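In: Predicted model follows, preceded by the sequence.
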Amino acid sequence: MTLPTPIARRSFLQTTGISLGSIALSSLLKRDSVAADLKSEAPTSKWTGVLNPTHFAPKAKRVIWLYMAGGMTHIDTFDNKPKLGELHGTPMPESITKGQQIAQLQGQKLNCFGPQHPFKQWGESGQSISEIWPHLGAKCADDLCIVRSMFTEAINHDPAHTFMNTGSMNAGRPAMGSWLLYGLGAESDSLPGFVVMVSTGNYGQRQPIAARQWHSGFLPGQFQGVEFRGTGDPVLYVGNPKGITSKRQREVVDAVQALNGLANQTFDDPEIATRVSQYELAFRMQSSVPELMDVRNEPQHIFELYGTKGGDGSFASNCLLARRLAERGTRFIQLYHRDWDHHGAVKEHSAGTAKEVDQGIAALITDLKQRDMLKDTLIVFGSEFGRTPMAQGNGRDHHLAGFTMWFAGGGFKPGFSYGATDEFGYHAIENRVSVHDIHATLLHQLGIDGAKFSYKFQGLDSRLTGVEPARVVHELLT
């Protein structure tokens, strides 16, 4: 019996004349046709992205995002509030909190809770930073561009993470790293262009970090972030099984690629093209990832700088790997540290958590500077939101109306402070900066106009920077 020749849904509808099916198809497949064009080169070629050239000359080539998951307390770290300290233990004025969105403190008595650590002026720029950051303050204060007037729209962890990463509280949208791969492409064809690493500390409630925080959303799957583990095999099954040589593995990959190529000729599905490219990348990673993780050739002074020998899963170890990834062309590197959810014992826990990350962050900035890489590497530091200036026992609750982020390298002004919260640290009142504004500003430094950078999804031009126009904060830039 002879089987009929298979015909793809797309081919069938396109050859049956002008019909409602054909009309609908032109809309439904708009996304697929664009996505398929993204990978028109052979899978062995380096892909350069859709924005080639970019909208304007970029100042940065890559991003390292140091994500302090859990909601870092801005009042005890980077936003000193002496007035709040003077009023410590007294009722918070109702004029400050009336009608405001509050998380677990809703309906409870609200008392002022002053800064728990002394602040100091660091560097020639005199940056005001808490003394719990001795490495960062002493070595890098003059490299930081501190924004103390951030605000966000979500008051609970998961939607706030999603909003910070994707520009929307709704799941299913692409992470910023995926947007950058879509727009700019990858610089390396042997390592993922978007890598995530997660470390866990010992002082805060460890809120889970869902994999959707680095998902490609409605973009093709080839733009999804890849999580590297800090200990053991960084990627599961990256090594060959016993008895399988690299030559034999190459033969298997070639055979699978040939089958995928035949399927793609029939179905013209962009996800098959994604599969082809990812099989090829996975094969190359079998040699590139072990080389990346093998830090034995790093000089002793680098280990001393970071305070780690590497391979222990610590935040400092991940900072060292972030530098190595940046050197090898990874476009977007995101390091989560899950230890900032301080509903209690905020004094002890903020000091402890800062100690877990302080040396690694200062080392990363210093290391990039001495390699002349900080100028085109954009370092982002911050949380999904801040924490309340009101007491929650001896801790602080979630807070969305004012918090702090800082930036270094990539064309941001060094030794510069911008914006302010009120004297209680509650509301961002001076030069307010939204999450979408930050996204637009980061894109700008990478050569991308956020207003023009979109992807057609469900009939809409979807953007990282949202529907309403976002502001590039030029005051932060050199």
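Out: Structure's in. What do you need?
In: Please report the distance of residue 208 from residue 128.
Out: 33 Å (CB to CB, to the nearest Å). All C-beta atoms are positioned from the backbone trio N, CA, C, and that covers glycine.
In: higher neighbour count, these two?
Out: Each of residue 208 and residue 128 has its neighbours counted (other CB atoms under 10 Å); residue 128 has more, 17 against 11.
In: my read: that one touches residue 417, true?
Out: Yes: counting by CB atoms under 8 Å, residue 128 touches residue 417, with 7.4 Å between them.
In: And what about the spatially closest residue to residue 362 that is not a sequence neighbour, helix, strand or coil?
Out: Spatial nearest neighbour of residue 362, excluding adjacent residues (CB to CB, 6 or more residues apart in numbering): residue 135 at 3.8 Å. On the three-state scheme (DSSP: H, G, I helix; E, B strand; the rest coil), residue 135 is labelled helix.
In: who are the neighbours in contact with residue 135?
Out: Neighbour list for residue 135: 358-359, 361-363 [criterion: CB atoms under 8 Å, 6 or more residues apart in numbering].
In: same thing with residue 400?
Out: 101, 151-155, 160, 385-386.
In: same deal with residue 194?
Out: Residue 194 neighbours (CB under 8 Å, 6+ apart): 175, 177-178, 180-181, 214, 223-226, 330-332, 334.
In: same thing but at 10 Å, please
Out: With contacts defined as CB atoms under 10 Å, 6 or more residues apart in numbering, the neighbours of residue 194 are 63, 175-181, 186, 214, 216, 223-226, 330-334.
In: Let's see which of those residues end up in helices.
Out: Members of the contacts of residue 194 lying in helices (criterion: DSSP state H): 176-181.
In: Burial check on residue 95, number of neighbours?
Out: For residue 95, the count of nearby residues is 6 (other CB under 10 Å).
In: State the distance from it to residue 171.
Out: Taking CB to CB, one finds residue 95 at 36 Å from residue 171.
In: So which helix or strand of the protein has the lowest pLDDT on average?
Out: One helix or strand of the chain scores below all others by mean pLDDT, DSSP states H and E: helix 20-28, with a mean of 36.
In: Show the contacting residues for residue 302.
Out: Contacts for residue 302 (CB under 10 Å, 6+ apart) come out as 295, 308, 310, 320, 323, 363, 367, 370.
In: pretty sure the last one is in contact with residue 305, am I right?
Out: It refers to residue 370. Yes: between residue 370 and residue 305 a contact is recorded at 9.4 Å, counting by CB atoms under 10 Å.
In: Mind checking which of the two has more residues around it?
Out: residue 305 (23 against 11).
In: quick one: the more buried one is in a strand?
Out: No: using three-state DSSP, the assignment for residue 305 is helix, not a strand.
In: Please name the nearest non-neighbouring residue to it.
Out: In space, and not counting its chain neighbours, residue 305 is closest to residue 363: 4.5 Å by CB to CB, 6+ apart.
In: Quick check, that neighbour in contact with residue 318.
Out: No: the criterion here is CB under 10 Å, and residue 363 misses it with residue 318 at 11.5 Å.
In: between those two, what contacts are shared?
Out: 306, 308.
In: between these two, which one's more packed in?
Out: Using other CB under 10 Å, the more surrounded residue of residue 363 and residue 318 is residue 318, with 28 against 25.
In: what helices or strands is the one helix or strand the more buried one maps to leaning on?
Out: Using DSSP states H and E, residue 318 sits in helix 315-327. In terms of contacts (3 or more CB pairs under 10 Å, 6 or more residues apart in numbering; DSSP states H and E), helix 315-327 is packed against strand 62-69, strand 194-200, helix 270-293, helix 300-306, strand 332-338, helix 346-370, strand 377-382.
In: So for residue 109, which of the ones you listed sits nearest?
Out: Nearest to residue 109 among the helices and strands packed on helix 315-327 is helix 346-370; the distance by CB to CB comes to 17.7 Å.
In: could you give the angle of the closest one to strand 62-69?
Out: For helix 346-370 against strand 62-69, the angle by axes from the mean of the first three to the mean of the last three CA atoms, to 10 degrees is 170 degrees.
In: Now do the buried residues in helix 346-370.
Out: Under the neighbour-count criterion of 16 or more other CB atoms under 10 Å, helix 346-370 has 346-347, 349-354, 356-369 buried.
In: got the angle for that helix vs strand 332-338?
Out: 160 degrees.
In: Report the mean confidence score over helix 346-370.
Out: Mean pLDDT, helix 346-370: 98.
In: can you check stretch 262-277 too?
Out: So the average pLDDT for stretch 262-277 ends up being 66.
In: low pLDDT regions in the stretch 151-300 of the chain?
Out: Applying pLDDT under 70 to the stretch 151-300 of the chain flags the ranges 232, 235-254, 256-257, 260, 263-264, 267-285, 287.
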